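Asks: sequence first, then the predicted structure:
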There are 2 protein chains.
Amino acid sequence: MSTSSNLAPYPPESGPFVTVAACQVRLQVGQPDANADACEAAVREAATRGAELVVLPELAVSGYVFESVDEARSLAEALDGPTVARWTSLARELGVVLVGGLCEDGGAQVFNSSVVIDASGLRAGYRKAHLWGDEPDFFTPGHDRPPVVDTVLGRIGTVVCYDLEFPEWTRLPALAGADILAVPTNWPAGPTRALPTPGEVVRAQATASTNRMVVVAADRCGTERDVEWVGGSAVIDADGGLLAGPPPAAAPTVLVADVDLGPARDKRTGPRNHPHRDRRPHLYT
Amino acid sequence: MSTSSNLAPYPPESGPFVTVAACQVRLQVGQPDANADACEAAVREAATRGAELVVLPELAVSGYVFESVDEARSLAEALDGPTVARWTSLARELGVVLVGGLCEDGGAQVFNSSVVIDASGLRAGYRKAHLWGDEPDFFTPGHDRPPVVDTVLGRIGTVVCYDLEFPEWTRLPALAGADILAVPTNWPAGPTRALPTPGEVVRAQATASTNRMVVVAADRCGTERDVEWVGGSAVIDADGGLLAGPPPAAAPTVLVADVDLGPARDKRTGPRNHPHRDRRPHLYT
């Protein structure tokens, strides 16, 4: 374990550091004003506590458990609509980068989307590609890759909820250079909660460590039409370690943690190992 | 969450069940007789406790921390050598399926291999494709896919140690129908042990749940040329839950657990979700 094939010293130096927040918000379908206010309050709390990147849940304004496509459509809005305008104002006022989930009115289709917003406005919109449960009754799946946005804080990618269960999908923004993957999510609680850490969080930890990429997951809470939620928000470092969360109860919480982008940029896991360069993609297909 | 696109009832019925063992063995490089005896003792204990599938560590007879390729070669043996013969005798006598790691003499090359053995003898050999640390100084990486062997217990796949860190690789035996992935491993302990569960085990749990495949990882213990080991052996169900392990200390341990192959065969995670069918491979390349 002595020979090194890399010239750079290992382990690399730490930094830069970014303060990130995952906002676990209580939401209710069909109450967009109350949901938007709850989101704004969480973003303000995060910024007060020093957060530079703030992540909100999936479908943070509309709510999730729709009864019909008409209900989903009635709560959808375009990417130049009021939520993006409000989040842009917040990003500008508070000097933060904001990622959150939005029920997107895409004209003939409705998408379950995530938006990346900074002081300059909308930087990227992403449409969830892997739909869970009854979502195909309401949403069209996206087909574009997760974006990676070069922000003042670093390179931020985003996927939505069930997308995170597909390692092939999260690998794409990792290989495209994402330092941080921001994951708006609504994790419905299943019958099996046998793990000491919820399975959703375990998979997020593995996503982080197999890619050497920080993962910030913002889950929701609050019973909605008989659906309970995991409340598994977490800030995970590039080693897969839990820096913050999941909170002990599925209650409203703003998790704030300083994350080191050094390991996410260097990638190496040892003097001779690098999880991207050690891949053998020609064997995978 | 009421509409089902599947005709089969969800959740599916349980079973069949298989009793599996992960043998965490104390090994020492260059002491093949003592190592082989320690392995045999562990296999016998596992069988006494009801195990039908028994998994041994990586390089279970040779040891791991080689000082030269000559040392590795001196401890290598062919797939028709004494270890496969001894393990075949054990499998026959005890009525078990056995998977273990072997330093393989492949003629001009040495491989870090895993073998699947039942009462009929050697069923498959697999050569580790992703090499860790200084292993490239001793081993040639394999290029064949992980095998999936149809045994009396079910369909058993195998990879070795660092292979498990590449979700693209473990996806292949899962898609080929493996019920169980047997993972001989030697996990060297790194400087970072901040996680409540070792990161190696977290990644094994995610491998299990994202693929709905049982994972049995047999790690080693015993200091070897200043290298310590995680001692992270574990039996993980298809939900990613820890049925047994990791043991509290990196000491010799035989973990035994009954695993349900029902979820591994049905695959569904909800009435409308199936992590293999929900993949969108045309978007991944």
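Replies: Structure received.
Asks: so is A:A85 in a helix, a strand, or just coil?
Replies: helix (DSSP: H, G, I helix; E, B strand; the rest coil).
Asks: can you read off the pLDDT for it?
Replies: Looking at A:A85, its pLDDT is 98.
Asks: not counting its neighbours along the chain, what's nearest whatever residue of the stretch 51-200 of chain A ends up closest to chain B?
Replies: Chain B sits closest to A:P167 of the stretch 51-200 of chain A, with a gap of 3.3 Å, by CB to the nearest CB. The C-beta positions use only the backbone N, C-alpha and C, and glycine is treated the same way. Spatial nearest neighbour of A:P167, excluding adjacent residues (CB to CB, 6 or more residues apart in numbering or on different chains): B:P167 at 3.3 Å.
Asks: per-residue pLDDT of the one you found, please?
Replies: For B:P167, pLDDT reads 98.
Asks: wait, it touches A:E168, no?
Replies: Yes. Using CB atoms under 8 Å, B:P167 is in contact with A:E168, at 7.2 Å.
Asks: around A:P16, how many other residues sit close by?
Replies: 12 (other CB atoms under 10 Å in any protein chain shown).
Asks: list the contacts of it.
Replies: Contact partners of A:P16, counting by CB atoms under 8 Å, 6 or more residues apart in numbering or on different chains, are A:154, A:260-262.
Asks: quick one on the thing from earlier: looking at B:P167 and A:E168, which is more packed in?
Replies: B:P167 (23 against 17).
Asks: for the stretch 51-200 of chain A, which spans come out with low pLDDT?
Replies: A:191-195 (pLDDT under 70).
Asks: repeat that for 50
Replies: A:194 (pLDDT under 50).
Asks: all helices of it, in order?
Replies: Along the stretch 51-200 of chain A, counting by DSSP state H, counting those that start in this stretch, helices occupy A:69-74, A:82-94, A:167-175, A:199-211.
Asks: most tightly packed of those?
Replies: helix A:199-211 (a mean of 27; mean count of other CB atoms under 10 Å in any protein chain shown).
Asks: how far off helix A:167-175 does the next helix or strand after that helix point, in degrees?
Replies: Sequence order places strand A:214-218 as the next helix or strand after helix A:199-211, per DSSP states H and E. If you take axes from the mean of the first three to the mean of the last three CA atoms, to 10 degrees, strand A:214-218 sits at 120 degrees to helix A:167-175.
Asks: run the chain-centre distance for strand A:214-218.
Replies: 5 Å (CA atoms, centre = their mean, to the nearest Å).
Asks: stretch A:116-127 too?
Replies: On CA atoms, centre = their mean, the centre of stretch A:116-127 falls 13 Å from the chain's centre.
Asks: quick check, it touching chain B?
Replies: No. Stretch A:116-127 stays clear of chain B (CB under 8 Å from any CB of the partner chain), getting no nearer than 11.7 Å.
Asks: for that stretch, which outside residues touch it?
Replies: A:79-80, A:84, A:87-88, A:91-92, A:95-100, A:102, A:104, A:106, A:111-115, A:140-144, A:146-147, A:149, A:151-152, A:156, A:158-160, A:182.
Asks: restrict these to those near chain B?
Replies: Answer for the contacts of stretch A:116-127 near chain B (CB under 8 Å from any CB): A:141, A:143.
Asks: which among the contacts of stretch A:116-127 count as buried?
Replies: For the contacts of stretch A:116-127, a burial check counting by 16 or more other CB atoms under 10 Å in any protein chain shown picks out A:79, A:84, A:87-88, A:91, A:96-100, A:102, A:104, A:106, A:111-115, A:140-142, A:146-147, A:149, A:151, A:156, A:158-160, A:182.
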